[in-house]
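J.: quick one, fold the following:
(5 chains)
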Amino acid sequence: MTKVLPQGKLKDFLKDTMDKYSLVAPVREDGVVVLKPTADPEAVVTDYLNTVTSPKDFFFPQTERMFRFQKTEGKIRVEETTWQGKRVIFGVRPCDLGSLELIDRVFQEGEYEETYYLARRENTTVVGLACSSPGPTCFCTTFGITPGSPEGADLMLYPDGEGFVVEVLTEKGEALAQQTETLLEDQDVDLAEVKGRFEGLKVPLGDHLSVDGVAAKLDGMFEHPVWAELSPRCLGCGICTYLCPTCHCFGMTDEVRGDQGVRLRCWDSCQFSDFTRMAGGHNPRPTKKERVRQRFMHKLNYYVHRFGRYLCTGCGRCLEKCPVGLTMVHVIEKVNDSGTREVAVNE
Amino acid sequence: MCWCGSNIASTVDLDRVQKAVEKLTNVVHVEQNKYTCSEPGQAQIVAGIREHNLDRVVVAACSPRMHEKTFQRTVAKAGLNPYLLEIANIREHCSWVHTSVEEATPKAIDLLRAAVAKVIRNTPLTTSTIPVEKRALVIGGGIAGIQAALDIADAGHQVVLVEKEPTIGGRMAQLDKTFPTLDCSACILTPKMVDAAQHPKIRLLTYAEIEEVGGYIGNFEVTIRKKARSVNEDVCTGCGICWSKCPSKAPNEFDCGLGERKAIYIPFPQAVPNKPVIDRENCRYFTKGKCGVCKKVCPAGAVDFEQEDELLRERFGAIVVATGYELFDHSVYGEYGYGKYPDVITGLEFERLINASGPTGGKLKRPSDGKIPKTVVFVKCVGSRDEAKGFPYCSRTCCMYTAKQAILLREKMPEAEAYVFYMDVRTPGKGYEEFYTRATEEFGVNYLRGRVARIYPKGDQLVVRGEDTLVGAQVEIEADLVVLATAMVARRDAAELAQRIGFSYDQYHFFTEAHPKLRPVETNTAGVFLAGACQGPKDIPDTVAQASAAAVKVAMLFSRDELETNPMVATVDEGTCSGCEWCKPTCPYGAIDIKTIEERVGKRTVSRRVATVNTGLCQGCGACTVACRSGAMNLKGFTNEQILAEVEAICL
Amino acid sequence: MSVERAGTGVSTAGWEPKIIGFCCNWCSYAGADLAGTSRIPYPCNIRIIRVPCSGRVNPQFVLRAFQRGADGVLVAGCHPGDCHYSTGNYFTRRRFLLVKRLLEYLGIEPRRFQVRWISGSEGQKFADVVAEITEQVKALGPAKMDKMRDVM
Amino acid sequence: MKEKLSELKETVARLLKDRTVDFFIAYQAGHSQVEPIPFFLTTAEHVENLFLNNFCAHNLSKYLLDYLAGDEVVGVLAKGCDLRALKRLLTDHRVERGRVFVVGLPCIGIYDRKKVQEVYPAGLVEVVEEGEEVILRGETGDKRVPRKEYLLPRCLTCPDHNPEFYDLLLGEKVANGPLAEEDYSDVRALEEWAPGERRRYWTRQFERCLRCYACRNVCPACNCRVCCFDVAEPRWLGKGTSLDEQEMFHFTRAMHVAGRCTGCGECERVCPVNIPLMKLNKKLAKDIGALFHVPQAEIPTEVEPLGQFRLGDPDEFN
Amino acid sequence: MSKNPMVPNPATITKITSETGSGDVKTFRVVFDDPSLAEGFTYRSGQCAMLSVFGVGECMISITSTPTRPGFLEFSVKKVGRVTDALHEAREGDKIGLRGPYGNCFPLEKMKGKNLVFVGGGIGLAPLRSLINNVLDNRKEYGRVDIIYGARSPQDLVFKEELFQNWPKYQDTHVYVTVDAGDEEWKGPVGFVPPYLEEINPSPEGAVAVTCGPPVMIKFVLQSLAKMGYTDDQIITTLEMKMQCGIGKCGRCNIGDKYVCVDGPVFSVDQLQALPDEF
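T.: Residues are numbered from 1 along each chain as shown, chains lettered A, B, ... in the order given. The predicted structure is shown next:
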């Protein structure tokens, strides 16, 4: 037997969820679907290709307080703060589910753990939502993700007829299933069959785009003319990095009110000209060429060296939103098309 | 932190303030004293700086407009750059306007916090120097302007004296006698007029007006419009044939319209320069195209109908404004007949009527029928001390000139009766009270304390109905002539002139001195000084004193070859400046230019345009800083960083 | 961001509005000084920042004041025509005609932001303006635009 | 517009070959028909990849700022609106006229990708204009729709179908349609709302803002060498993203382009989260028109409206 | 130390020394407020720490004191930006924040028994100072020591007391100081560091060279060393990049797939050669 959430009970499912969790869900707002905290199940939508913003916002928020400090009587008191809460993120697509695991590696890796991210990860239950109809910008399959991949979800929903077939993947998922137990019907549905159907869905762009060998090829392409060719049209904005579910660069800033203050961790973008500019003025990535190269080399080469995977899940946001079409697909195609020989270019 | 005696300390709990301020970051030492501006107070600051090795100082005291300079000098004494000081205004803006300690104390803390936040962002500023053009412009050729011009010229500097009318002399020339000495106005004025005309360092420009003023202290650029006189001054000998032959007549302004003059005329016989001018509105040649008598009779061939206005551009180091006053227009007073009764005249008209060179040859005849008045009523405070219809201020001279006129009347015509309606008699001048006493006691002038309620005609007389508040009775006087002591008011074009030069004026359009007590002859625009009644009602002695004072200020300025400039000027961060030039049009001084700089970009040298500020011209208003979107333009002493820090500190 | 502000629960009962006044040195600051020398009392809510000219007041300063918790902002300069620097306040007038409308358009009560011409001789007017704006802002309640404090 | 492609190719090839220009900025095909992308040609061989259709919305002249340090002559393809943007850069003294070679492109309207994609999310082949209607021709059939409803907002009130000036014009000038009144109906509608409603509206918009700066980076009026949002001191804008900072950003951006905005709407077009930036820009444009009598169509002006004044300007600050 | 690597620990500036004539370089002696940290903080020469000025921000500074002299940490800071400006404003007794240590260290093991050549320029002597003092504190374990240091002017020389008094007193330790431009009082050599280095010409035989300074100087020092016969694996240098997190997460300081804050700042030249040219 498999648990099924009937379409008609979705609102109740969200309501019951809210009894124990705060809810983050896709909401349509001024013509875009965004993931945002909501208390209104009626506002939650499921008819979207993907949310314009990605779930990373709720694990790695754009602005995160790291600690408070207070200066008193010649002393300084530093009070570390971590996020407290219990949250469900609803409606995460497989590509975005996959992205969480990629960021996990960065923030867990090495000698130091990024505790802010991990605190939010631990206390958030992710409800995935399989894709019934991948769109023209989707290319998850390029990176081995399918419209039905549940990896990264605690609880996965597969739209099926008049409801959602439920797959519980983790303890957190189980807890949520129990919380919403009365709404989940046991039905005679073959989960594997349903999953298989989603996994087999065509993803036109992804199915034709191969990333095989790209990382290795890029080893020799640091000085390749492709970067000078691609980068001039870049606007230097942060759309790609801020919408990307896997980008995770940040900076820190202090906000002070008198003798107390906080240090905030804020998103930053490798596409911004001041990202690597040093106090003395030197900038190792002074032009758009170096910055565009950094972004794609990071995703398709550096990250692969460190973690053995590409730092992209084919969500297609850059295709949808980059105003100048400087997209992952475009770059992969360029790399695939280019000669492997390293060409030294002096500008 | 200053107690200012009890001025601050009684309303602001300075101990509480001290506790709060001591905790602020960067504050290492706080102390209070009773009078910080006093010598011991200042010494305490100097000692504090030395003892604690301070590099910034905040003084919490009175308004920076009062003592900023004082304390800047104080910190400089301790070896600190004077601009590393800020003032927290906890007196005018705090203790004097808030009554409870509970209100004033937190506010004082906020103000101090803002001052501290600002001062830590202060940077040492240094002055630079600009050359001084040692020529003065005096605007207005009345006694104030003449005196100022003579004094400056006597100090050895070039002066250009600009007068709007065809002659210098101004109001004083219109007066008959002067109080309290009763010497003849013309007798003491005309020699000075001649002195001014003949002084080798003074250039007279009569019948001329100020068109445009640019530049700044030490370097004003002034455009003067020399109106077409229609007479070539260089050739004219002032023989007078032209005006004796001229067939057109017009009311003589000099006689307040009581007499007539010709279309080509000199305003009065002792006019300086003694060169006529053609009043084109009344000249037949100009109105009808025919005549030209004057041109025909002129032996020197000086008449020039083709003459045009001439624009002179001159550079000056200083400007003295001495444009004088006008008289209040009493036609707003219904009770005095709305100016419609010909025998209700102003004090100045009275002066002309009793003046020997006036329209009646010095015989007091009333305007309506030429009858010699037997009963004359003087009414004081017409337009002054009257918020409803006139102005609230005291016109200062009326008490004395009314007494003078009553004396003159009684002296000339002992048979005539003089009545004076007054609210108060104000005689705060040397010999003034004695003069007034003479009027009442020696000359038997009848003083009635009370307002005139109405003046109305009865037969060929005027009934003046008023109240004698001392007696507590209505009085009615049947008068042949009523003289109104109308107030001195600012000239109607005063505001326009102030705007043109760029200094301020008060709500009555009198020009504003930089400080009512301590800087009474300066304006708040450096290099522009005030003399005479353009600054406020004044009698002749005060006017002359102020004119001489202004002259001394100019001479002081001219005693230096160079001036230190205001270091609080705009400055450009060339690294940030885009060279877009949008700052330029906001600068009233034309102080912003564009220059090309060269810089290294990668491996090549490229040139790029950036804004640059002429620190001699910049007066530090900061308008450009707001036009600059990137913040490349900043204002020293009021930087974006400083103001934002103040905002943030106050909002805590 | 869902972090509570430390020590919230500020009730409007004991609340007093904080009003920032940007006053030009030559007129409005002098007007405020005159109110002082004339001992004309006015509400203590205003804190004056001295600027050389109202034309020095960057609209961003005004917004920063609100951002940091000001409940009202007053920009005061010389009357048009009286500017010590001749023309500064004409630029002020243009800028802030727009700013006022823009703030209102963004849904910020227009009475929270006021521009007034106050001359050096208008001590009484200064006091009146402060009384008026204080009263109006009091009636409007806290502006609560300092949202960063919620994060702190 | 498509029909001018061959002329464009010839022109660009010639300009590059005879070194009239050192490189040329035009369009190339993007991911789909509806999203052509900027194209930087350095040699005549590249002209085969040139692309032109009525989705070529990007204003290319802003890219000139990337080449200030050199001495190259840059060729740029410019529609009427793009030329206005170039004029903005010239008026702001950011670009030298002598270093730009303008190939003018008469244009009667660019289609709004977002609106077309609502009808054709994918598979659009071309757009065929038929008077006041257009046929959206796609893989799954044709759809006939009213032309105006699918144009970019700026095209509805376009005052210049032909660029005001150019060094060379592609094809013939087109007739300017009847000049539409500047349409402030959306601004007026918002002005009518209760203040609290407006506050909620803008709060929702600003909270959605990512501060990605695409609006700024694409804007021809935002052409400062260093943006005040990027300087560390003074901190005009914090890096943190609370509502007040977002509002500071949008307020400042709007004020900085007040009287300078050319009305191209690129900011709104590139915004990834649909913030109606033009409702801010147009509000200011409307007020500037009403208060200072500078209509949007006259911008860029010789002296910006906020850099000048009239003694008789409205005064409400007594 | 806090479990959270991003939270700085309060520390007190106990001593401030102005190094240069213009005061643009100051050395701060810092002690953790938490006594357990003060004792337990272990680091190695070459490592860095993140200094916090609360309310202003952080900057990564190399530790210039040596672990062989415990009890405090020292940082020499040049005034170049917001945070360093704020640090320079500090007075003794002021509180700052400190976290770290970060990055790798100089390969002391590899240097043992070798002749050591230290080549520094300007503020670049700061990281070397930790290493030099470390070496001198264990003087017997190393061979000949040559210290070649230069600055723009005599006013710009740092650690003058050690350069001219302390270090030369050690056995077989030779200090050579040059300036780009001298002044009236300067009696020493005038000239750039690389030619001076070639003039002194320490033998590459059994030697390790460690260089640190402005990028231009390093570039030419490396050329000189190569000319003098040093192989790439004999030369060690440090890199400087903009850093914010210090723990390899924020994405700023990478050169290729190496993060300077974690994998650096100390690199041998043969390691550098393998990195993309983006620093």
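J.: grab the nearest non-local neighbour of the residue in chain C that chain D sits nearest to.
T.: Using CB to the nearest CB, the closest approach of chain C to chain D is made by C:Gly107 at 2.8 Å. Using the backbone N, CA and C atoms, a C-beta is placed for each residue, glycine as well. Excluding the flanking residues, the one nearest C:Gly107 by CB to CB, 6 or more residues apart in numbering or on different chains is D:Arg199, at 2.8 Å.
J.: contact partners for the one you found?
T.: Neighbouring residues of D:Arg199 by CB atoms under 8 Å, 6 or more residues apart in numbering or on different chains: C:106-108.
J.: about what we covered before: so the residue of chain C closest to chain D touches D:Phe206, yeah?
T.: No: using CB atoms under 8 Å, C:Gly107 is not in contact with D:Phe206, being 10.8 Å away.
J.: and these two? Which one has more around it.
T.: Between C:Gly107 and D:Phe206, counting by other CB atoms under 10 Å in any protein chain shown, D:Phe206 is the more crowded of the two (22 against 18).
J.: now the residue of chain C closest to chain D: which helix or strand?
T.: Assigned by DSSP states H and E, C:Gly107 belongs to no helix or strand.
J.: for the helix or strand bottoming out on mean pLDDT in chain D, which outside residues touch it?
T.: Here the helix or strand of chain D ranked lowest by mean pLDDT, DSSP states H and E is strand D:124-130, holding a mean of 85. Strand D:124-130 has contacts (CB under 8 Å, 6+ apart) with D:2, D:32-34, D:53-55, D:108, D:111, D:116-117, D:134-139, D:144, D:147.
J.: go again using 6 Å as the cut-off
T.: Contacts of strand D:124-130 from elsewhere in the structure, counted by CB atoms under 6 Å, 6 or more residues apart in numbering or on different chains, are D:33-34, D:54, D:111, D:134-138.
J.: show me the shaky parts of chain E.
T.: E:1-2 (pLDDT under 70).
J.: what about the helices in it?
T.: Counting by DSSP state H, chain E has helices at residues E:35-40, E:82-89, E:108-111, E:125-137, E:160-161, E:167-169, E:193-200, E:215-227, E:260-263, E:269-273.
J.: before we move on, what about chain C?
T.: Ranges of helices within chain C are C:28-37, C:59-67, C:88-105, C:123-140, C:148-151, based on DSSP H.
J.: only alpha carbons, please: show the second one as PDB.
T.: The C-alpha coordinates for helix C:59-67 follow below in PDB (Å, rounded to 0.1, in the frame of the first residue of the first chain):
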ATOM      1  CA  PRO C  59      17.100  63.100  -0.100                       C
ATOM      2  CA  GLN C  60      19.000  60.000   0.900                       C
ATOM      3  CA  PHE C  61      19.700  61.600   4.300                       C
ATOM      4  CA  VAL C  62      15.900  61.900   4.800                       C
ATOM      5  CA  LEU C  63      15.300  58.300   4.000                       C
ATOM      6  CA  ARG C  64      18.200  57.200   6.200                       C
ATOM      7  CA  ALA C  65      16.600  59.100   9.100                       C
ATOM      8  CA  PHE C  66      13.400  57.100   8.600                       C
ATOM      9  CA  GLN C  67      15.500  53.900   8.100                       C
END
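J.: ok, longest helix in chain A?
T.: Chain A, longest helix under DSSP H: helix A:94-108.
J.: and the helix or strand just after it, average pLDDT?
T.: Moving toward the C-terminus from helix A:94-108, the next helix or strand (DSSP H and E) is helix A:115-122. Helix A:115-122 shows a mean pLDDT of 92.
J.: which strands border the next helix or strand after helix A:115-122, and is each parallel or antiparallel?
T.: Remark: after helix A:115-122, the chain's next helix or strand is strand A:124-129, criterion DSSP H and E. Using DSSP bridges, strand A:124-129 pairs in its sheet with strand A:87-92 (parallel), strand A:155-160 (parallel).
J.: can you list the domains in chain E?
T.: Listed by automatic domain parsing, the domain ranges of chain E are E:9-102, E:108-238.
J.: picking up where we left off before, closest to E:Leu272 out of the helices of chain C?
T.: Among the helices of chain C, the nearest to E:Leu272 by CB to CB is helix C:148-151 (41.4 Å).
J.: is chain E contacted by the closest one?
T.: No: applying CB under 6 Å from any CB of the partner chain, one finds helix C:148-151 separated from chain E by no less than 13.7 Å.
J.: hmm, that helix touching chain B?
T.: No: judged by CB under 6 Å from any CB, helix C:148-151 stays clear of chain B, getting no closer than 10.3 Å.
J.: quick one, helices of the stretch 501-650 of chain B?
T.: B:540-558, B:623-627, B:640-651 (DSSP state H, counting those that start in this stretch).
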